[in-house]
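Enquirer: with the input below, show me the fold.
(one chain, ligands or ions: 1)
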Amino acid sequence: MPSNAADADPNAPAGVDPGRASIARMYDYALGGKDHYEIDRKTLDDLTRVMPETLHLAWENRAFLIRVCRFLATNAGLTQYLDCGSGLPTAENVHQVVQRLQPEAKVVYIDHDPVVIAHGRALLEENERTRFLPGDIFEPATILGDEVVRAHLDWERPIALFFVATLHHHKGDRHAPADIMREYIAALPRGSYVAISHLFDPGEGADSESMRVFQEAVARGSLGGATARTRSEIEELFDGLELIEPGIVELANWWPDGPHLEPLNLAQRLIVGGIARKV
Ligand SMILES: C[S@@+](CC[C@H](N)C(=O)[O-])C[C@H]1O[C@@H](n2cnc3c(N)ncnc32)[C@H](O)[C@@H]1O
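Expert: Next up is the predicted model:
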């Protein structure tokens, strides 16, 4: 008997290891999609036993991404988007939200996950104004030099750069993501915007302890770890930019669509983000 759905799937894309969870597929599972395997469901279910509100990390994150798209397409009038770590296509994708508001908007999606590359590409490249590029977003020189990124976007005009729920998946040196972001930010034209969401470690108190326990649980699973950052570490990711109101806050508090009817739960307090502008 195959041990999981990936073993049973003769169409599983090359590069998929059925014994290892993938963050793209776990996130798809959390959002109610269909591109996930048993190992992804088990890994997410294990995390939910450690932190029962875990699914809210994904839900808040996706809702933040969509509000950010609406803000940038309307208030900022942006027509160019570079979405680093796009994830699998879901109900509302970046190009659908921004092209509804700015029909001429161009989007380049980048991801390295084999399932995103295999199945997502066709859906994300829905029209001639969207492109998908397989690549490692933690290699800024390669991404910024890529022919598709250079040709599809006009680097003389403002660009929205998204690193939404991606930087905490960087596996190397704790301070490397700040350097990676500096390289991207240096390349952006003036008037560009950067949107980041990130797992948050408050640094002290009960929530910080909960985040420590959660990170240990992630590290025990096959995903291989995730790194929550403190407020000052997250501020550093926006180095040289001007933060837009309300700054770096819980995603649930970043221009919510309405008042909260309940206090924020643990997961909602442990994922933060914001938008900043290059002036
Ligand atoms: C949690 S999902 C977030 C998807 C989307 N940004 C969102 O917020 O809805 C993180 C995505 O980043 C991608 N990712 C992580 N590390 C990456 C890397 N080094 N290069 C390209 N993509 C990466 C994963 O494959 C996954 O699809």
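
Enquirer: for this protein, what's the longest helix?
Expert: helix 55-74 (DSSP state H).

Enquirer: who in the stretch 151-279 of the chain is up against the ligand?
Expert: Neighbours of the ligand within the stretch 151-279 of the chain, by Cβ under 6 Å from any ligand atom: 164, 165, 166, 169. All C-beta spots, glycine's among them, are computed from the backbone N, C-alpha and C.

Enquirer: the stretch 1-150 of the chain now?
Expert: Counting by Cβ under 6 Å from any ligand atom, the residues of the stretch 1-150 of the chain close to the ligand are 23-24, 27, 61-62, 65, 85-87, 110-113, 116, 136-138.

Enquirer: neighbouring contacts of the longest helix of the chain?
Expert: Residues outside helix 55-74 that contact it (Cβ atoms under 8 Å, 6 or more residues apart in numbering): 27, 30-31, 44, 48, 78-79, 81, 90, 92, 94, 97-98, 101-102, 105, 160, 162, 164-165, 193, 195, 197, 199, 250-252, 254-257, 265, 267-268, 270-271, 273, 275.

Enquirer: got a PyMOL select line for the buried ones in the residues you listed?
Expert: Only the buried entries of the contacts of helix 55-74 go into this PyMOL selection, using 16 or more other Cβ atoms under 10 Å:
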select buried, resi 27+30+31+44+78+79+81+90+94+97+98+101+102+105+160+162+164+165+193+195+197+199+250+251+252+254+267+268+270+271+273+275
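
Enquirer: in strands only, show me the contacts of helix 55-74.
Expert: For the contacts of helix 55-74, the ones inside strands are 81, 160, 162, 164, 193, 195, 197, 199, 250, 271, 273, 275, with DSSP state E as the criterion.

Enquirer: which residue, other than its chain neighbours, is closest to the third one?
Expert: The spatial neighbour of residue 162 that comes closest, neighbours along the chain excluded (Cβ to Cβ, 6 or more residues apart in numbering), is residue 83 at 4.5 Å.

Enquirer: what comes up buried for the helix or strand harbouring that neighbour?
Expert: Per DSSP states H and E, residue 83 falls inside strand 80-84. Neighbour-count burial for strand 80-84, with 16+ other Cβ under 10 Å as criterion, is recorded at 80, 81, 82, 83, 84.

Enquirer: how far off centre is it?
Expert: The chain centre lies 11 Å from the centre of strand 80-84; the measure is Cα atoms, centre = their mean, to the nearest Å.

Enquirer: and stretch 184-201, average pLDDT?
Expert: The average pLDDT within stretch 184-201 is 98.

Enquirer: how distant is it from the center of its chain?
Expert: 12 Å.

Enquirer: now do stretch 111-121
Expert: Centroid separation between stretch 111-121 and its chain, computed with Cα atoms, centre = their mean, is 14 Å.

Enquirer: one step back: sheet-wise, list the partners of the strand holding residue 83 with their directions.
Expert: Paired neighbours of strand 80-84 in the sheet (DSSP bridges): strand 106-111 (parallel), strand 160-164 (parallel).

Enquirer: about what we covered before: which one among the ones in strands among the contacts of helix 55-74 gets closest to the ligand?
Expert: Checking those against the ligand with Cβ to the nearest ligand atom, the nearest one is residue 164 at 3.6 Å.

Enquirer: count the neighbours of the nearest residue to residue 248 once chain neighbours are set aside for me.
Expert: Of all residues not flanking residue 248 in the chain, residue 274 sits nearest, at 4.3 Å (Cβ to Cβ, 6+ apart). Using other Cβ atoms under 10 Å, residue 274 has 25 neighbouring residues.

Enquirer: ok, residue 274 touching residue 245?
Expert: No. Contact between residue 274 and residue 245 fails when scored by Cβ atoms under 8 Å: they sit 9.2 Å apart.

Enquirer: for the closest residue to residue 243 other than its chain neighbours, what are its contacts?
Expert: Spatial nearest neighbour of residue 243, chain neighbours left out: residue 276 (4.7 Å); criterion: Cβ to Cβ, 6+ apart. Contacts for residue 276 were tallied using Cβ under 8 Å, 6+ apart; they are 193, 194, 238, 241, 242, 243, 244.

Enquirer: thank you kindly, that will do.
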